[in-house]
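In: sequence below, structure please.
(one chain, ligands or ions: 2)
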Amino acid sequence: MGLPAHGHLRTIANMSAQSNAGTDNDLRRILNRIDGKGYPAYKDILGEYEFPGFRLLIDHVQGDPFAAPSRLRVRVSQQVAGYPPDTFSGGSRRVALSDFLTRSFDVTCAHLSGRRGSGKSGLIAIDQPGQAILERTSVLVDQEVVEARFIVGLPARGRRILGRQAATMLCDDLPRIVESALRFSANNRAALYGHIQTAEDADWLRSQLASRGLVAFVAEGAVLPRRSGVDDRPLRDGAIPFHSPPSLRVEVHLPNAGLQAGMGIPTGVTLIVGGGYHGKSTLLNALERGVYNHIPGDGRQLVVTDEGAVKIRAEDGRAVAGVDISPFIGSLPNGADTHRFSTANASGSTSQAANIVEALEAGARVLLVDEDTAATNFMIRDHRMQELITKEREPITPFIDKVRQLYDEYGVSTVLVMGGSGDYFDVADTVIAMEAYLPRDVTDQARAIAQKYRAERSPEGGQRFGDVTPRVPLARSLDPSRGRREVKISARGVKSILFGTNEIDLTAVEQLVDPSQLNAIGQALYYARQRYMDGQRTLPQILDGVMNDLDREGLDVLDRRCVGDLVRFRRYELAAALNRLRTLHVVGATNR
Ligand code: ADP
Ligand code: MG
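Out: Ligands and ions are numbered 1, 2, ... in the order given. Predicted coordinates for the structure are as follows:
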């Protein structure tokens with residue numbers, strides 16, 4: 001059952017290839033021979049070629065010039081590539097080296113393809129990383145070999161093969177790219193070590209948070225604002241560097257960078273308050289992204305958040321499948337059962353409730369909430385409204401009455417941007433004010449104010465938070481087929497996944513940062529369906545299964561074709577995609 005292990009496949013592929021690989025001259029000969037022929041003759045170049053210093057593997061040849069580009073790999077043995085073990089020993093370093101080499105390959109391609117025509121004809125490209133350093137399949141490194149996976153637009157005029165151009169690309173340009181991008185000696189040594197040490201420090205710091213009683217750390221001098229809403233690079237002009245309030249300042253000894261001070265955000269309930277435009281959301285956004293490592297120069301290299309931190313927001317219009325939202329939503333006017341709530345069109349408050357319960361089901365340890373994207377009636381119900389609309393006529397128990405129970409009963413912390421309601425002072429452990437982009441610890445003042453002006457509202461949260469009951473997703477409710485294809489899954493940027501004929505809208509899942517994460521999640525949904533959805537396993541058990549397989553065998557377990565555009569994702573985002581599949585059916589929620 002299921003797919004054979006990736007490592008096994010790869011070994012076999014290599015053995016069979018060893019015997020019948022051609023040389024670079026053979027490839028050139030074929031390309032010259034098919035020059036001017038119809039495009040399908042390009043299939044003749046499928047296979048493997050031994051170049052001086054590396055092996056080229058042509059895995060997939062596109063069917064026509066307008067189809068998705070061809071998929072190729074190069075494998076450079078470590079005897080030639082020459083990476084010292086300390087550049088890839090340990091998970092952090094291996095991931096960071098692979099990321100660094102992907103960028104190096106990308107930059108080299110960009111230089112070279114500048115000399116060729118436009119369009120996809122003549123394209124040589126590798127998957128492009130953004131500001132985050134993520135595990136990816138574009139470059140793989142181990143003790144034996146460095147493997148790069150890239151795409152090529154095999155050149156044509158009309159539908160006729162431009163074989164000589166192709167020979168220049170593959171036999172002249174490619175060796176130069178390999179030479180200057182993949183060899184240790186050709187790379188900038190300081191930049192390379194800086195990259196892997198940055199990632200290693202961030203991972204180490206993240207691993208220390210829990211034992212220090214923190215959910216996040218924001219380093220002194222960090223640059224949080226971004227260039228624009230669509231440009232994730234650091235703000236260039238006028239960025240105010242981060243500076244910790246003395247009372248929240250902690251010091252850490254990083255393995256590479258040494259002593260580092262910063263603001264520690266403690267576990268529990270933390271409010272971020274402050275006037276409009278004073279940098280509250282910017283801080284929260286940095287915490288959202290702090291579940292990932294960032295490249296040197298990003299400004300957020302040492303902004304690090306608990307790996308289990310999940311951004312929560314309202315998302316009206318989304319579908320919900322059998323979620324027990326009863327901790328937040330009681331009897332609805334249409335009589336729907338909120339212990340097992342399904343809808344094709346959730347409201348602001350019910351969607352936010354579902355987002356929280358689903359995050360808890362997937363194992364979230366920290367919730368990140370911004371008033372800008374929260375449903376007001378979900379966050380707060382004040383004294384006057386309680387008097388006008390009595391509890392019996394209001395299905396919603398606001399978050400303010402549940403946020404402490406979440407921490408006390410489940411150990412789940414919340415960091416909440418809330419400039420609009422001081423009632424939250426009563427439930428907060430820590431209150432941070434952002435003032436002109438700098439944080440101040442105002443916990444004591446907020447407490448004093450809460451003492452002085454007692455809140456007149458009455459708590460509505462009851463004795464306990466309520467149960468989080470895992471659901472059992474049903475395999476048959478995931479249909480990856482489209483037209484004649486049994487499995488057709490594709491991604492559209494960081495916005496959506498097309499799973500068969502179903503579009504999964506992920507625009508509100510804000511901790512997805514790389515389009516290739518969506519490729520991988522799309523494949524992972526199918527993988528989970530094939531391997532783990534047996535009508536018995538619960539959603540968290542299925543997530544465990546998939547994530548364990550990724551840890552053990554790598555991302556290739558999701559796609560046997562050795563593709564270069566898979567990027568690691570978290571269990572929360574995998575769950576988020578499944579939860580947003582409109583055909584999803586579940587069983588096993590509480591039947592009360
Ligand atoms: P709030 O959520 O408090 O209303 P935002 O976080 O949205 O405010 O920030 C408002 C503006 O200030 C944004 O354009 C943001 O990029 C900018 N900004 C945030 N932090 C800084 C900073 N440290 N230095 C300079 N500009 C910043
Ligand atoms: Mg804001």
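
In: buried stuff in the strand or helix carrying residue 191?
Out: Following DSSP states H and E, the helix or strand that holds residue 191 is helix 189-209. Buried residues in helix 189-209, counted by 16 or more other C-beta atoms under 10 Å: 192-206, 209. To be clear about C-beta, it is placed using only N, CA and C from the backbone, and glycine gets the same treatment.

In: do stretch 241-253 as well
Out: 242, 243, 244, 248, 250, 252.

In: same thing with stretch 387-399?
Out: 394, 395, 396, 397, 398, 399.

In: make JSON lines out of those and add distance to residue 259, secondary structure and pLDDT.
Out: Shown next, in JSON lines, are the buried residues of stretch 387-399 (distance: C-beta to C-beta, whole Å; DSSP: H, G, I helix; E, B strand; the rest coil; pLDDT from 0 to 100):
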{"residue": "394", "distance to residue 259": "52", "secondary structure": "coil", "pLDDT": "93"}
{"residue": "395", "distance to residue 259": "52", "secondary structure": "coil", "pLDDT": "94"}
{"residue": "396", "distance to residue 259": "47", "secondary structure": "strand", "pLDDT": "96"}
{"residue": "397", "distance to residue 259": "46", "secondary structure": "coil", "pLDDT": "97"}
{"residue": "398", "distance to residue 259": "43", "secondary structure": "coil", "pLDDT": "97"}
{"residue": "399", "distance to residue 259": "38", "secondary structure": "helix", "pLDDT": "98"}
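
In: go back to those residues and keep what's next to ligand 1.
Out: The subset of the buried residues of stretch 387-399 within reach of ligand 1, counting by C-beta under 6 Å from any ligand atom, is empty.

In: quick one, phi/psi of residue 583?
Out: Backbone geometry at residue 583, expressed as degrees, to the nearest 10, gives phi -90, psi 0.

In: so who does it touch?
Out: 477, 478, 479, 502 (C-beta atoms under 8 Å, 6 or more residues apart in numbering).

In: pick the one among these closest to residue 107.
Out: Minimum distance to residue 107 across the contacts of residue 583 is 37.3 Å, recorded for residue 502 (C-beta to C-beta).

In: I'd assumed residue 481 was in contact with that closest one.
Out: No - counting by C-beta atoms under 8 Å, residue 481 is not a contact partner of residue 502; they are 10.4 Å apart.

In: okay, those two: which has more neighbours?
Out: More crowded of residue 502 and residue 481, by other C-beta atoms under 10 Å: residue 502, with 17 against 12.

In: tell me where the model's unsure across this protein.
Out: 1-19, 113-119, 589-592 (pLDDT under 70).

In: which other residues reach stretch 259-267?
Out: With C-beta under 8 Å, 6+ apart, stretch 259-267 has contacts from 212-220, 222, 242, 244-245, 248-254, 287, 302, 407, 411, 413, 415, 429-430, 432, 439.

In: just the ones of these in helices?
Out: Among these, the ones falling in helices (DSSP state H) are 287, 407.

In: out of the contacts of stretch 259-267, which are inside strands?
Out: Among these, DSSP state E puts 214-219, 249-254, 413, 415, 430, 432, 439 in strands.

In: for residue 134, see how far away residue 557 is.
Out: Remark: distance between residue 557 and residue 134 (C-beta to C-beta, to the nearest Å) = 17 Å.

In: now residue 368: phi and psi?
Out: Here residue 368 shows phi and psi, under degrees, to the nearest 10, equal to phi -110, psi 120.

In: so what pairs up with it in the strands?
Out: residue 311, residue 415 (DSSP bridges).

In: need the contact list for it.
Out: 284, 287, 288, 309, 310, 311, 312, 414, 415, 416.

In: so which residues of the stretch 1-150 of the chain form helices?
Out: 6-20, 24-34, 78-81, 91-113 (DSSP state H, counting those that start in this stretch).

In: any idea which of these is most buried?
Out: Ranked by mean neighbour count, these are led by helix 91-113 with a mean of 21 (mean count of other C-beta atoms under 10 Å).

In: name the SS class of the closest residue to residue 252 other than its chain neighbours, please.
Out: Leaving aside its chain neighbours, residue 252 sits nearest to residue 260 (5.3 Å; criterion: C-beta to C-beta, 6 or more residues apart in numbering). Following DSSP: H, G, I helix; E, B strand; the rest coil, residue 260 is assigned to strand.

In: what about residue 260, how many neighbours?
Out: 17.

In: would you mind measuring from it to residue 217?
Out: In terms of C-beta to C-beta, residue 260 sits 9 Å off from residue 217.

In: for residue 64, same thing?
Out: 52 Å.

In: same deal with residue 58?
Out: For residue 58 relative to residue 217 (C-beta to C-beta), the value is 46 Å.

In: so which of those two has more stuff around it?
Out: Legend: neighbour count by other C-beta under 10 Å for residue 58 and residue 217, higher for residue 217 (28 against 20).

In: who in the stretch 251-400 of the chain is up against ligand 1?
Out: 274, 276, 277, 278, 279, 280, 281, 282.

In: wouldn't the fourth one be in contact with residue 437 here?
Out: Okay, so that is residue 278. Yes - the criterion here is C-beta under 8 Å, and residue 278 meets it with residue 437 at 6.6 Å.

In: who wins on neighbours among the contacts of residue 583?
Out: residue 478 (21 neighbours).

In: still on that earlier bit, so which of the helices of the stretch 1-150 of the chain is nearest ligand 2?
Out: helix 91-113 (30.7 Å; C-beta to the ion).

In: wait, which of the buried residues of stretch 387-399 is closest to residue 445?
Out: The nearest one, if we look at the buried residues of stretch 387-399 relative to residue 445 and count by C-beta to C-beta, is residue 399, at 22.8 Å.

In: name the nearest residue to the residue of the stretch 301-450 of the chain found nearest ligand 2, ignoring sequence neighbours.
Out: Going by C-beta to the ion, ligand 2 is nearest to residue 372 of the stretch 301-450 of the chain, at 4.4 Å. Leaving out its chain neighbours, the residue that sits closest to residue 372 by C-beta to C-beta, 6+ apart is residue 281, at 5.8 Å.

In: wait, is that neighbour part of a strand?
Out: No - counting by three-state DSSP, one finds residue 281 to be helix, located in no strand.

In: my read is that it contacts residue 416, right?
Out: No - between residue 281 and residue 416 no contact is recorded; they are 11.8 Å apart, counting by C-beta under 8 Å.

In: overlap in contacts of the two?
Out: With C-beta under 8 Å, 6+ apart as the test, residue 281 and residue 416 both reach residue 370.

In: mind checking how far stretch 569-578 is from the chain centre?
Out: Centroid displacement of stretch 569-578 relative to its chain, using C-alpha atoms, centre = their mean, to the nearest Å, is 9 Å.

In: hmm, who's touching that stretch?
Out: Applying C-beta under 8 Å, 6+ apart, the set of residues contacting stretch 569-578 is 291, 307-308, 310, 358-359, 361-364, 473, 478, 497, 504, 506, 509, 511-512, 517-518, 520-522, 524-525, 528, 539, 543-544, 546-547, 584.

In: mind redoing it with 7 Å?
Out: 291, 310, 358-359, 362-364, 473, 497, 504, 506, 509, 511-512, 517, 520-521, 524-525, 539, 543, 546-547, 584 (C-beta atoms under 7 Å, 6 or more residues apart in numbering).
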